[in-house]
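Colleague: Predicted structure and sequence below. I'll ask about it afterward.
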2 protein chains.
Amino acid sequence: MVELAILGILKEADLHGYELKKHLRSVLGPLSNVSFGSLYPALKRLERQGAVAVVAVDDGPARPAMPLTGSLTGEAAAFRARRRATRGPRNKKVYGITPLGEARLGELMANPADDERSFGMKLAFFRWCDRPTRLSLLERRRANLRQRLEETRRAVAAQEGDDPYVRALIEHDTESTIRDIDWIDRLIASEQEQLAGDDRDKEPTGGHP
Amino acid sequence: MVELAILGILKEADLHGYELKKHLRSVLGPLSNVSFGSLYPALKRLERQGAVAVVAVDDGPARPAMPLTGSLTGEAAAFRARRRATRGPRNKKVYGITPLGEARLGELMANPADDERSFGMKLAFFRWCDRPTRLSLLERRRANLRQRLEETRRAVAAQEGDDPYVRALIEHDTESTIRDIDWIDRLIASEQEQLAGDDRDKEPTGGHP
DNA sequence: TGATCGATATATCGAGCCGATAGATTGAGG
DNA sequence: CCTCAATCTATCGGCTCGATATATCGATCA
């Protein structure tokens, strides 16, 4: 799950660990509050698999992108080298996604695991999918929500104890699920509309004077 | 988190592991689908801590609760003993909550961890709390939801990329959170109403002809 | 100058949780 | 009698989290 998040963010831009966490928080918000304890091991895994690679190692923000002309450059470089020797470099490792990583991202988007958090994450990265993939993900999500609703209803019917708090909990959960299904329905409708639009653009069979 | 669930269920009745899982699923439903991989280690932990204890070891459903009078008893016992020796007992360990466990349940209910799942679980066990505890839990939940809403709004304001799917996700999440807050508000109101009712019963200061 | 403080940044550890799986018993039906 | 599905306890590997360690950077203030 963290791997999906990392690859999705890295597809947008090359980032180092700390930035990655900030982007994760800002894009996915309350979903998937990835901690360092999962982020760094996941980056290692992905690097071992060849899905991401270290693009650059930054040792300080003061370093200019291009070497400056003039006599000061040599001195500054010598200073930085000395500092690195005595105090150690900052060692900001900037990661980027590889072609293999993009393939892996595709797999992870398509895999059937589909709880609240996984689905939210996939939706946040929908721009990387084509429309058929989006539609199938939305439809699977809808099927899951409907099944869950059905299960809850059966559980309510078979319930013996009638605690008011449990009842309130179940009712609220049911309402939320229904609203989620409506929402997914709207997303599906919008997606199908755009799909029709794509088709019209591609093959305009209708007579146009 | 699993410990809270176990203690809350065991407070209702003594159960063995498998039954515990079934009750967990039926009471908490889609929240907290506890797996065996967490259930059995948690039971061990709780037993080690003295919060639960093995009340009985059942080796078959045919065994009557009370020993029957008459000559058949001895023979039946011998048969069971032989079966146990040759094929091994079923070893259904029935767990019960201890006084120490009830204290632990109180602690877990009061602890500040308060995400979606924890709160749902606590609400399902509200009948074990007094009204002030319930109110403070509800109010803390409301505060958390409000804070989350505020954070999301700030994140939206600071957003640069304008992906329609991310936008849809955030909007839906915001709406859901607002509805959750309304729901909590209603629960709080109902609780306060009943609190007032309790007070009227206890000290009827108002003149009543 | 230097002293301190909060943010930045990488990394690891223990413990808990989950999904898969093993291994065994029991009851129903063929 | 045999097989099959359900019941029941239990463990394993892998992932995740919260806490923590370690170190640098930038700003503020004396």
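Modeller: Cool, got the structure.
Colleague: helix, strand or coil for A:Pro112?
Modeller: coil (DSSP: H, G, I helix; E, B strand; the rest coil).
Colleague: Next up, phi/psi of the residue lying closest to it once chain neighbours are set aside, please.
Modeller: Nearest residue to A:Pro112, sequence neighbours excluded (Cβ to Cβ, 6 or more residues apart in numbering or on different chains): A:Arg140, at 7.0 Å. Yep, even glycine has a C-beta here, placed from its N, CA and C like the rest. Per-residue torsions, A:Arg140: phi -70, psi -40 (degrees, to the nearest 10).
Colleague: Just give the number of residues close to A:Arg140.
Modeller: Residues within reach of A:Arg140, counting by other Cβ atoms under 10 Å in any protein chain shown, total 13.
Colleague: doesn't A:Asp114 make contact with it?
Modeller: Yes: judged on Cβ atoms under 8 Å, A:Arg140 makes contact with A:Asp114 at a distance of 6.0 Å.
Colleague: Give the closest residue to A:Arg25 in space, chain neighbours not counted.
Modeller: Excluding the flanking residues, the one nearest A:Arg25 by Cβ to Cβ, 6+ apart is A:Asn33, at 6.8 Å.
Colleague: would you say the one you found is within a strand?
Modeller: No: A:Asn33 is assigned coil when assessed by three-state DSSP, not a strand.
Colleague: now it: how far from DNA strand C?
Modeller: 14 Å (Cβ to the nearest atom of the strand, to the nearest Å).
Colleague: Report pLDDT for that residue.
Modeller: Here the pLDDT value assigned to A:Asn33 is 82.
Colleague: Phi and psi next, for it.
Modeller: Note on A:Asn33: its backbone torsions stand at phi -80, psi 80 [degrees, to the nearest 10].
Colleague: What is the neighbour count of it?
Modeller: Neighbours of A:Asn33 using other Cβ under 10 Å come to 12.
Colleague: And the one 10 residues further on, by the same measure?
Modeller: By other Cβ under 10 Å, the residues close to A:Leu43 number 22.
Colleague: quick one: it and A:Gly17 touch, right?
Modeller: Yes: the pair A:Leu43 / A:Gly17 is scored as a contact, 6.4 Å apart, by Cβ under 8 Å.
Colleague: shared neighbours of the two, anything?
Modeller: Common contacts of A:Leu43 and A:Gly17, defined by Cβ atoms under 8 Å, 6 or more residues apart in numbering or on different chains, comprise A:Tyr95.
Colleague: which parts of chain A sit against DNA strand C?
Modeller: Counting by Cβ under 7 Å from any atom of the strand, chain A comes close to DNA strand C at A:16-19, A:36-37, A:40-41, A:43-44, A:90-93.
Colleague: Quick check on those: which are buried?
Modeller: Taking 16 or more other Cβ atoms under 10 Å in any protein chain shown as the criterion, what is buried in those is A:16-17, A:43, A:92.
Colleague: which residues in chain A form helices?
Modeller: Listed in chain order, the helices of chain A (DSSP state H) span A:2-10, A:17-28, A:36-49, A:72-87, A:99-110, A:116-124, A:131-157, A:164-202.
Colleague: among these, which is the most enclosed?
Modeller: Mean neighbour count (mean count of other Cβ atoms under 10 Å in any protein chain shown) peaks for helix A:2-10 among these, with a mean of 24.
Colleague: and that one, how far out from the chain's middle?
Modeller: In terms of Cα atoms, centre = their mean, to the nearest Å, the centre of helix A:2-10 is set 5 Å apart from its chain centre.
Colleague: Averaged pLDDT, it. What do you get?
Modeller: For helix A:2-10, the mean per-residue pLDDT is 95.
Colleague: near DNA strand D, anything from that helix?
Modeller: Yes: against DNA strand D, helix A:2-10 shows contacts by Cβ under 7 Å from any atom of the strand at A:2-3.
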